[in-house]
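Asker: model this:
(one chain, ligands or ions: 1)
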Amino acid sequence: MKIDLTKSIWNETEESKHFIFYSNGKNVSRIEIDKCENKFNEILSTFKLENEAFKIKYYFCPNLEIVKAITGRKSYGDADLQKKIILSYYAYQPHEIVHHVIYQNIGFYNNLVIDEGLAVLFGSFDDGEAQWRGKTLSYWKKINKLKYKITNQNLIKNFNNIDQKTSYPLSAIYVQNLINKLGVSKFIELYRAKKLF
Ligand SMILES: [Zn+2]
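Answerer: Next comes the predicted model:
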């Protein structure tokens, strides 16, 4: 990942408990700041994580051209977990917030099924059932059954070779099933021990 922030001019605009917001023309609204904080707190409390002594630098891009100039590719944004940065076309980017809170507190699992599955499962724009690309996980489950027929084993071994339309929502379903089966405490215990599968 390449986030070269020198390729644009940034103004620090707002600071909240867990975020410092930078803008490039358009400011982040109070509603969006609250959504970011709420998501951050939701992840801390869902997984009973206590270490929250860090802030995310949130660079809000007003248009996709700036995102492309900075990341070097066509996308809606990116995150640098080591530097605690989110760069986004959206003033509220829950998927990346989930990655940050998990990573900063308990590290990555280092398997994309778990890492991306968690971010998809808890990182939807709207509350309610988790979504990927505007469709519910139940929808993706049905599509997989009918069309792709990717097994969990295949997903775990070949995540990078599977289309993101399939790999991301199926990973979220996998993580959801694990959490339902184990409960959150056991899930985190096995996550830390790298023994989820
Ligand atoms: Zn992700």
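Asker: what's near enough to touch whichever residue of the chain sits closest to the ion?
Answerer: Closest approach between the chain and the ion, counting by Cβ to the ion: Ala119, at 4.3 Å. Where you see a C-beta, it was placed from the backbone N, CA and C, and this is true even at glycine. Applying Cβ atoms under 8 Å, 6 or more residues apart in numbering, we find Ala119 in contact with His95, Glu96, Val98, His99, Ile102.
Asker: could you redo the last one with a cut-off of 10 Å?
Answerer: Applying Cβ atoms under 10 Å, 6 or more residues apart in numbering, one finds that Ala119 lies in contact with 43, 79, 94-103, 112, 168, 171-172, 175.
Asker: So which residue of this structure lies furthest out from the middle?
Answerer: Leu146 (27.4 Å; Cα atoms, centre = their mean).
Asker: I'd like to know the beta-bridge partner residues of Val23.
Answerer: For the record, residue 23 is Ser, not Val. In this structure, Ser23 bridges to Asn11, Phe60 when assessed by DSSP bridges.
Asker: if I read this right, it contacts Leu87, doesn't it?
Answerer: No. Using Cβ atoms under 10 Å as the test, Ser23 is too far from Leu87 to be in contact (11.8 Å).
Asker: tell me the contacts of Ile20?
Answerer: Contact analysis of Ile20 by Cβ under 10 Å, 6+ apart lists Glu12, Thr13, Glu14, Lys55, Ile56, Lys57, Tyr58, Tyr59, Lys84.
Asker: quick one: what helix or strand has the residue positioned nearest the centre of the chain in it?
Answerer: In the chain, the centroid-proximal residue (Cα atoms, centre = their mean) is His95; its distance is 2.5 Å. When elements are assigned from DSSP states H and E, His95 belongs to helix 94-106.
Asker: can you pull the buried residues of that helix?
Answerer: Pro94, His95, Glu96, Ile97, Val98, His99, His100, Val101, Ile102, Tyr103, Gln104, Asn105 (16 or more other Cβ atoms under 10 Å).
Asker: picking up where we left off before, following whichever strand or helix holds the residue of the chain closest to the ion, which helix or strand comes up?
Answerer: Taking DSSP H and E as the definition, one finds Ala119 inside helix 112-122. The element immediately downstream of helix 112-122 (helix or strand, assigned by DSSP H and E) is strand 131-132.
Asker: Which other helices and strands does whatever helix or strand comes next after that next one contact?
Answerer: Downstream of strand 131-132, the next assigned helix or strand under DSSP H and E is strand 135-136. Contacting strand 135-136 under the criterion 3 or more Cβ pairs under 10 Å, 6 or more residues apart in numbering; DSSP states H and E are the following elements: helix 137-143, helix 164-182.
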